[in-house]
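Novice: Kindly return the folded structure for what I paste below:
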Amino acid sequence: MFATIMLGGMFVNAVVQVGGVTDQLCASAACRDARSLAPWLVAGGCLVTILIVARLFGPVYVTPADGSWLLSSPLDRASLLRPRLTQILLAATVVTLATVGVGVVLAGTALTSAVAFAAATSLLATATAAAAAYAQEQDRRALATASQWVLVVVLWCAVLSIAVGEAPRMPLPAADHPASAVAVVVAAAAAVLAGTAAWRRLGRLRHRDVVTGGELTPGLSGALATLDLALAYDVVLSHRWKGRGSVRARRGGPGGALALVGSDVLRLRRSPQRLVVLAATAAVPYAAATAGAGRFVVLVAATAGFVACLPLLSGLRVMARGPSLARAMPFSSAVAQAATAAVPTVAALAYGMATAAAMRRDVAADREAALLCGLAVGVAVAASGVRWVTRRPPDYSKPLIATPAGAIPTNLYGSVIAGFDVLLLTTTPMLLAPDLRGASVSLALGAGVWAFLVSRSPAR
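Specialist: Down below sits the predicted model:
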């Protein structure tokens, strides 16, 4: 408890200090307009995250043990599921309250207005989680999916308005303003209505509605216990395609190593939203440049592209974690991994070139340097993504480290920063020297890391 209070106080103090520094540095009108939108963007991001997690887990779910015998017995399952729903609603409320609180403090909002806005958003998050549970009971998950994409489009339009310098100034209303009271009352009413509807219909949940999410939790727990984020993503991806069932097989195509390239193209035809998300992410560095990020536009562009490019690397992930599959290919494992990384690399390079104009504002002085910086960002995104999916699993055959949690492999803690280490390595030269020389060094580092990673033999 003492450690929690101490670390929490340090975090709050750091957030307040950063908010004060931002007040001094944010002097332009475009920066102030973008900063006024920050609380709304954080609130919308929290609601989108709740919908994504709710779709992933149910949101109401039970453990595999409960699903195997208790739900199959002739009992009232509502008494079993009510504690689950209560935990989900409380978690959504508390996490949203803390996240939005940090966002409004960084935006420099008055304390009373920040409290009113955070309270209204947390109540709206409760209503969103309860509505997702109600949609699960009524088997109307398409409604939750449509709501999620509507929120994503609205948030993207807000980011795009910041990027083009036409962001509307939307400061939070004062706590004593009638709009604040109305927003809190409406959010509370929505939370009560949605929570009551979900609570009353828990008994109508079917066995398959609540067991699917429970089957996902053990795999995620095991992956996160080893701090392997790539393995956690594998578990989520497997869960998604297992729920879809099957796809239509397509025959024909090129032969040799090009067949692996063709399989990635086929994946994009089945999930074109991955490319759409990557293309839409190109607006993020422009928004950062408009908000006055300066040289850190390079880091923002590389980080956003890295996160958006990860879904394109599923083929390389399978090849890197399956040594038997690599040995079955009629060519070397380096050729196989390079072929599976070809399509994501091309997409990352196209993303980097699309962000070149954002570098022209505060990073590069001329057009040639901006284009080279954009190309270096694309190479950094590709190299960091390849590093993330080809990371070696923990090796328990090497000497272990004694910790209070037990014996830990030496390369376990490095799993969390895998990908981000290469991202920082390849963008640091551009941060230190935002010109042709720094961009050339970053480009050479990124290309060398990419070539080394794809040439390594798969993990055994």
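Novice: quick one, strands of the stretch 301-450 of the chain?
Specialist: Remark: strands assigned in the stretch 301-450 of the chain by DSSP state E, counting those that start in this stretch are 400-403, 406-409.
Novice: could you pull out the helices for the stretch 101-250 of the chain?
Specialist: 111-137, 141-163, 178-200, 207-225, 229-244 (DSSP state H, counting those that start in this stretch).
Novice: Which other helices and strands does the last one contact?
Specialist: In this structure, helix 229-244 packs against helix 207-225, helix 314-321, helix 367-389, with contacts taken as 3 or more Cβ pairs under 8 Å, 6 or more residues apart in numbering; DSSP states H and E. Placement of C-beta: from N, CA and C, glycine included.
Novice: For the last one, the averaged confidence score.
Specialist: Mean per-residue pLDDT for helix 367-389: 88.
Novice: Over to stretch 35-46?
Specialist: 83.
Novice: Now do that stretch: distance to the chain's middle.
Specialist: Counting by Cα atoms, centre = their mean, to the nearest Å, stretch 35-46 is centred 16 Å from the centre of its parent chain.
Novice: neighbours of the residue lying closest to Pro429 once chain neighbours are set aside, just the number please.
Specialist: Once its chain neighbours are removed from consideration, Pro429 has its nearest residue in Val441; the separation is 4.0 Å (Cβ to Cβ, 6 or more residues apart in numbering). Other residues lying near Val441 total 17 when counted by other Cβ atoms under 10 Å.
Novice: now Ala189
Specialist: With neighbours defined by other Cβ under 10 Å, the count for Ala189 comes to 12.
Novice: again with Gly322
Specialist: Applying other Cβ under 10 Å, we find 13 other residues in the vicinity of Gly322.
Novice: Tell me the confidence at the residue nearest in space to the middle of the chain?
Specialist: With the centre of the chain defined as its mean C-alpha position, the nearest residue by Cα atoms, centre = their mean is Val307, 6.4 Å away. According to the prediction, Val307 has pLDDT 89.
Novice: Over to Gly253?
Specialist: Taken from the predicted model, the pLDDT recorded for Gly253 is 67.
Novice: Surely Val184 touches Ala120?
Specialist: Yes - with contacts counted by Cβ atoms under 8 Å, Val184 reaches Ala120, the gap being 4.8 Å.
Novice: the more surrounded of those two?
Specialist: Using other Cβ under 10 Å as the criterion, Val184 and Ala120 rank with Ala120 on top: 22 against 18.
Novice: sorry, back to before: quick check: which of the strands of the stretch 301-450 of the chain is buried the most?
Specialist: Scoring the strands of the stretch 301-450 of the chain by mean neighbour count under mean count of other Cβ atoms under 10 Å gives strand 406-409 as the most buried, with a mean of 13.
Novice: That one - what's its average pLDDT?
Specialist: 71.
Novice: got it, and stretch 322-333?
Specialist: Here the mean pLDDT over stretch 322-333 is 78, rounded to a whole number.
Novice: ok, so what distance separates the closest residue to Asp264 other than its chain neighbours from Gly9?
Specialist: Ranked by Cβ to Cβ, 6+ apart and with sequence neighbours excluded, the top spatial neighbour of Asp264 is Val343, at 4.0 Å. Computed as Cβ to Cβ, to the nearest Å, the Val343 to Gly9 distance reads 48 Å.
Novice: So for the two, which sits in the more crowded spot?
Specialist: Here Val343 and Gly9 are compared on neighbour count by other Cβ under 10 Å; more neighbours surround Val343, at 22 against 10.
Novice: which ones are touching that one?
Specialist: Listed by Cβ atoms under 8 Å, 6 or more residues apart in numbering, the contact partners of Val343 are Val261, Asp264, Val265, Leu268, Leu312, Gly315.
Novice: Just the buried residues of these.
Specialist: For the contacts of Val343, burial is judged from neighbour counts taken by 16 or more other Cβ atoms under 10 Å, and it is met by Val261, Asp264, Leu312, Gly315.
Novice: show me what contacts the residue nearest to the last one when sequence neighbours are not counted?
Specialist: Spatial nearest neighbour of Gly315, chain neighbours left out: Thr340 (4.3 Å); criterion: Cβ to Cβ, 6+ apart. The contact partners of Thr340, by Cβ under 8 Å, 6+ apart, come to Leu260, Val261, Ser263, Asp264, Gly315, Leu316, Val318, Met319.
Novice: which of those are the two that sit furthest away from each other?
Specialist: Taking Cβ to Cβ as the measure, the contacts of Thr340 reach their widest spread between Val261 and Val318, a distance of 14.3 Å.
Novice: Could you list the low-pLDDT ranges of the stretch 151-300 of the chain?
Specialist: For the stretch 151-300 of the chain, residues meeting the criterion pLDDT under 70 lie at 175, 243-247, 252-253.
Novice: can you give me the mean pLDDT across stretch 436-450?
Specialist: Per-region confidence: stretch 436-450 scores 88 on mean pLDDT.
Novice: of the contacts of Thr340, closest to Leu224?
Specialist: For Leu224, the closest of the contacts of Thr340 turns out to be Val318, at 20.9 Å, with distances computed as Cβ to Cβ.
Novice: burial measure for the nearest residue to that closest one once chain neighbours are set aside, as a count.
Specialist: Nearest residue to Val318, sequence neighbours excluded (Cβ to Cβ, 6+ apart): Leu325, at 6.9 Å. The burial count assigned to Leu325 is 14, neighbours taken as other Cβ under 10 Å.
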